[in-house]
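Asks: below are the sequence and a predicted model for it; my questions follow.
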2 protein chains.
Amino acid sequence: MQLPQKDANTLGSDHRRPKIEQLHTMSKPETRIQQRNRAAILSAGLEIFSQFGLRGSTLDQIAEAAGLSKPNLLYYFKSKDAIYTALLERLLETWLDPLQKMDANGDPIKEILGYVHRKLAMSKDYPRESRLFANEILQGAPHIANHLSQDLRQLVDEKAVVLKEWEAAGKIAPIDPHHLVFSIWAMTQHYADFDVQVRAVLGDKDPFEDAMTYLDTLFRRMLTPPKP
Amino acid sequence: MQLPQKDANTLGSDHRRPKIEQLHTMSKPETRIQQRNRAAILSAGLEIFSQFGLRGSTLDQIAEAAGLSKPNLLYYFKSKDAIYTALLERLLETWLDPLQKMDANGDPIKEILGYVHRKLAMSKDYPRESRLFANEILQGAPHIANHLSQDLRQLVDEKAVVLKEWEAAGKIAPIDPHHLVFSIWAMTQHYADFDVQVRAVLGDKDPFEDAMTYLDTLFRRMLTPPKP
DNA sequence: CCTCACTTTGACCGAATGGTCAAATTAGAC
DNA sequence: GTCTAATTTGACCATTCGGTCAAAGTGAGG
């Protein structure tokens, strides 16, 4: 239920940098203790922030969940906001990944359905991450607004071109590619973000299997080109 | 941008009652001042809560938005939570309405598309209400959990039966009715709840017209029964 | 075992926040 | 106008919260 941690040997990805700077050292690699405690804090932060949002969460809650004292938290991250921001940054890479993997050279319908499948799997396996993200967007995305209009927009525009090419080649029925992407996001994330509601309506039966079947059918019917 | 206020003459709907009880009087009708100030507080509360959530909003913010002093707020609502709860209750009626209106005796595809249309219109016209609701669900629906598993579940189950009948009569292609409803919720509310993201990707062009076209196409293709 | 940098924490602080209250002001019935 | 109940508010309180700091503790290399 954890996002796959980046290998510690990976060269300083942009999200670890600020944490290091904020320690008293600048260049030394992380000690075992640092790794353990940073990981514990991020994990605890994810748990708490995804439940209560940024303002709704307290350092004491996070500290307790991480098994550390509050001043000790602030030894590793310089503020509550820093923990939240670090989480969001780590999350963003992971979030774009499934769409990035959609291959322009693959079979169109298979590629799109593959994306839907990966995205639904993320809702199932990383619901806390999904809710953290949803919360941030709901509040107007104050911490990642620029990321959305840069990286995200560019990626979606790229894929929209691919979708339009598939359409022009008669491989998929005509659609608005941007709204296609929105609908995939909406329906897959719904099962993580609105989990309580879904389960309230369905009873306790696990929704994800039927959801996948449903989404598969939906996109097949919508995208299969009309017979000539 | 306001939910249609219930007529003041309507006999005490369940959502006005608690406010009255909390005043010093028990049975007298609301004075003009009460009506004005309650409305101002609820309107301000909607504005603030939908932006910052329950814990993220402060009484001072709401008081300022309502043009009242903080103690005066608490003269009309006995706590911050009471304002929030009153808003949620008022919202719930409105939220179920579009689904309720789906007519078992109408033309199936037209009825379903009509529901989609009404729901999308609500996202466009009442985005604050949508976000307030989304926020509540995201946090685990602590204030309305029981409403979800009672009223909402019952309503959806009823409509699921209707959808299955339509399917049996060959009027729509076979689908899982519950997930059909979920997908309508997800895709329509997405345009209110994830508005920032949608606009970041699309630029400032208004999303709703294209969204309606897209959703219309999507559901038509998915629901139109295969030719015999 | 000593040392020194790294780590941890108890005590504390100022600001923000939800809420109270008694006193002042105002609206409306007569 | 007068009286009463409804309304409004400034001052205040207790608690929570994010964050600081100096001091204490600890681990690892020599």
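Replies: Here it is on my side, so go on. None of the values given here were measured: they were computed from a predicted structure. Numbering: from 1, shown residues only, chains lettered A, B, ... in the order given.

Asks: for chain A, give me the ranges with low pLDDT.
Replies: A:1-29, A:228 (pLDDT under 70).

Asks: let me know the helix or strand that the closest residue to A:D176 other than its chain neighbours is in.
Replies: Closest residue to A:D176 apart from its sequence neighbours, by C-beta to C-beta, 6 or more residues apart in numbering or on different chains: B:Y214 at 4.9 Å. No exception for glycine: its C-beta is placed from N, CA and C like everyone else's. Following DSSP states H and E, one finds B:Y214 within helix B:208-223.

Asks: centre of the chain to that helix, how far?
Replies: 21 Å (C-alpha atoms, centre = their mean, to the nearest Å).

Asks: follow-up on the earlier one: was I right about the residue nearest to A:D176 contacting A:S183?
Replies: Yes - at 7.3 Å, B:Y214 counts as touching A:S183 under the criterion of C-beta atoms under 8 Å.

Asks: for the two, indicate the residue with more neighbours.
Replies: A:S183 (25 against 21; other C-beta atoms under 10 Å in any protein chain shown).

Asks: now the phi/psi pair for that one, please.
Replies: phi -70, psi -30 (degrees, to the nearest 10).

Asks: does DNA strand C sit close to stretch A:128-144?
Replies: No - using C-beta under 7 Å from any atom of the strand, stretch A:128-144 stays clear of DNA strand C, coming no nearer than 14.5 Å.

Asks: so what's A:D157 closest to, chain neighbours aside?
Replies: A:D157's closest residue in space is B:V201 (C-beta to C-beta, 6+ apart), at 7.9 Å.

Asks: which SSE is the one you found in?
Replies: helix B:195-202.

Asks: cool, and A:I62?
Replies: Using DSSP H and E, A:I62 falls in helix A:59-66.

Asks: helix or strand right after that helix?
Replies: Next element after helix A:59-66 (DSSP H and E): helix A:70-76.

Asks: what residues does whichever helix or strand comes after that next one touch?
Replies: Remark: after helix A:70-76, the chain's next helix or strand is helix A:80-100, criterion DSSP H and E. The contact list for helix A:80-100, computed with C-beta atoms under 8 Å, 6 or more residues apart in numbering or on different chains, reads A:3-4, A:14-15, A:18-19, A:22, A:41-42, A:45-46, A:49, A:54, A:57, A:59, A:62, A:73, A:77, A:115, A:118-119, A:122, A:126, A:129, A:132-133, A:136, A:143-144, A:147, A:151-152, A:155-156, A:159, A:181.

Asks: for helix A:80-100, list every residue counted as buried.
Replies: Within helix A:80-100, the residues that count as buried by 16 or more other C-beta atoms under 10 Å in any protein chain shown are A:80, A:82-92, A:95, A:98-99.

Asks: in chain A, which helix is the longest?
Replies: Looking across chain A with DSSP state H, the single longest helix is helix A:32-56.

Asks: check which helices and strands that helix sits against.
Replies: helix A:59-66, helix A:70-76, helix A:80-100, helix A:127-138, helix B:32-56 (3 or more C-beta pairs under 8 Å, 6 or more residues apart in numbering or on different chains; DSSP states H and E).

Asks: now do it: distance to the chain's middle.
Replies: 16 Å.

Asks: do stretch A:162-178 as well
Replies: With C-alpha atoms, centre = their mean, you get 26 Å for stretch A:162-178.

Asks: one more: stretch A:76-93?
Replies: Using C-alpha atoms, centre = their mean, the offset of stretch A:76-93 from its chain centre is 14 Å.

Asks: is DNA strand D contacted by that stretch?
Replies: Yes - residues of stretch A:76-93 contacting DNA strand D under C-beta under 7 Å from any atom of the strand: A:78-81.

Asks: got it, and stretch A:36-47?
Replies: No - counting by C-beta under 7 Å from any atom of the strand, DNA strand D has no neighbours in stretch A:36-47; the shortest distance is 11.3 Å.

Asks: give the buried residues for that stretch.
Replies: Within stretch A:36-47, judged by 16+ other C-beta under 10 Å, the buried ones are A:37-38, A:40-47.

Asks: before we move on, the earlier item: could you say what helices and strands the helix holding B:Y214 packs with?
Replies: Under the contact rule (3+ C-beta pairs under 8 Å, 6+ apart), helix B:208-223 is packed against helix A:177-193, helix A:208-223, helix B:108-125, helix B:177-193.

Asks: any buried residues in stretch A:102-119, and which?
Replies: Buried residues in stretch A:102-119 (16+ other C-beta under 10 Å): A:102, A:108-109, A:111-116, A:119.

Asks: hmm, who's touching that stretch?
Replies: A:98-99, A:101, A:159, A:162, A:165-166, A:171-172, A:180, A:184-185, A:188-189, A:212, A:215-216, A:219-220, A:223-224.

Asks: now which of the residues you listed would you call buried?
Replies: A:98-99, A:159, A:162, A:166, A:171-172, A:180, A:184-185, A:188-189, A:212, A:215, A:219, A:223.

Asks: quick check, nearest of those to B:Q197?
Replies: Relative to B:Q197, the closest of the buried ones among the contacts of stretch A:102-119 is A:W185; by C-beta to C-beta it sits at 8.1 Å.

Asks: which two of the buried ones among the contacts of stretch A:102-119 lie the greatest distance from each other?
Replies: Taking C-beta to C-beta, no two of those sit farther apart than A:K171 and A:Q189, at 26.5 Å.

Asks: enumerate the residues of chain A near DNA strand D.
Replies: Near DNA strand D, when you scan chain A using C-beta under 7 Å from any atom of the strand, you find A:32, A:57-60, A:70-71, A:74, A:78-81.

Asks: taking those, please make a ChimeraX selection of just the buried ones.
Replies: To isolate the buried members of the residues of chain A next to DNA strand D in ChimeraX, using 16+ other C-beta under 10 Å:
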select /A:57,59,74,80
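
Asks: so which of the residues of chain A next to DNA strand D also contact DNA strand C?
Replies: A:70-71.

Asks: quick revisit: is the helix holding A:I62 positioned near chain B?
Replies: No - judged by C-beta under 8 Å from any C-beta of the partner chain, helix A:59-66 and chain B are separated, with a smallest distance of 11.7 Å.

Asks: mind saving the C-alpha coords of that helix as PDB?
Replies: What follows is helix A:59-66, C-alpha atoms only, in PDB (Å, rounded to 0.1, in the frame of the first residue of the first chain):
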ATOM      1  CA  LEU A  59       1.800  17.800  13.200                       C
ATOM      2  CA  ASP A  60       0.900  15.900  16.300                       C
ATOM      3  CA  GLN A  61      -1.200  13.400  14.400                       C
ATOM      4  CA  ILE A  62       1.500  12.900  11.900                       C
ATOM      5  CA  ALA A  63       4.200  12.600  14.600                       C
ATOM      6  CA  GLU A  64       2.200  10.000  16.400                       C
ATOM      7  CA  ALA A  65       1.500   8.000  13.200                       C
ATOM      8  CA  ALA A  66       5.200   8.100  12.400                       C
END
